[in-house]
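Student: here is my input, please return the structure:
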Amino acid sequence: MLGISRALLARPRLLMLDEPSHGLAPIIVEEVAEIIGRLVEITAILLVEQNLTIPKTCATDVLVLENSHIVARGGPELMEGDDVVSAYLGI
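Tutor: The predicted structure is shown next:
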């Protein structure tokens with residue numbers, strides 16, 4: 001959260017976040033998800049995340065990658081689809 005706060009001091013037009021939930025306790029992940037959900041109102045965010053908690057709160061466009069290839073592309077509803085579950089779980 002400190003890293004995100006420091007980045008916001010520069011008033012970026014685009015905030016790029018790589019796995020902001022990695023290594024955090026579940027309760028903190030929910031708090032970070034809430035904060036990122038509010039940040040999308042003031043800046044564009046490019047988010048790379050495996051934990052779907054955060055993108056479900058703020059995603060407008062979704063790309064699903066598997067072995068560095070795009071396997072699905074769409075809106076937030078895509079995170080509920082079989083393509084995402086398959087790529088996410090490696091089935």
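
Student: and what about Ile35, helix, strand or coil?
Tutor: The three-state assignment at Ile35 reads helix, by DSSP: H, G, I helix; E, B strand; the rest coil.

Student: just give me the neighbour total for it.
Tutor: For Ile35, the count of nearby residues is 16 (other C-beta atoms under 10 Å). All C-beta spots, glycine's among them, are computed from the backbone N, C-alpha and C.

Student: residues contacting it?
Tutor: Neighbour list for Ile35: 1, 4 [criterion: C-beta atoms under 8 Å, 6 or more residues apart in numbering].

Student: can you rerun that using 7 Å?
Tutor: Shown in contact with Ile35 (C-beta atoms under 7 Å, 6 or more residues apart in numbering): no residues.

Student: against Gly81, how distant is it?
Tutor: 27 Å (C-beta to C-beta, to the nearest Å).

Student: residue boundaries of the strands in this protein?
Tutor: Secondary structure of the chain (DSSP state E): strands at 14-18, 44-48, 62-66, 69-74.

Student: would you turn the ones you listed into JSON lines with distance to Lys56?
Tutor: Formatted as JSON lines, the strands of the chain follow (distance: least, C-beta to C-beta, whole Å):
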{"stretch": "strand 14-18", "distance to Lys56": "15"}
{"stretch": "strand 44-48", "distance to Lys56": "11"}
{"stretch": "strand 62-66", "distance to Lys56": "10"}
{"stretch": "strand 69-74", "distance to Lys56": "14"}
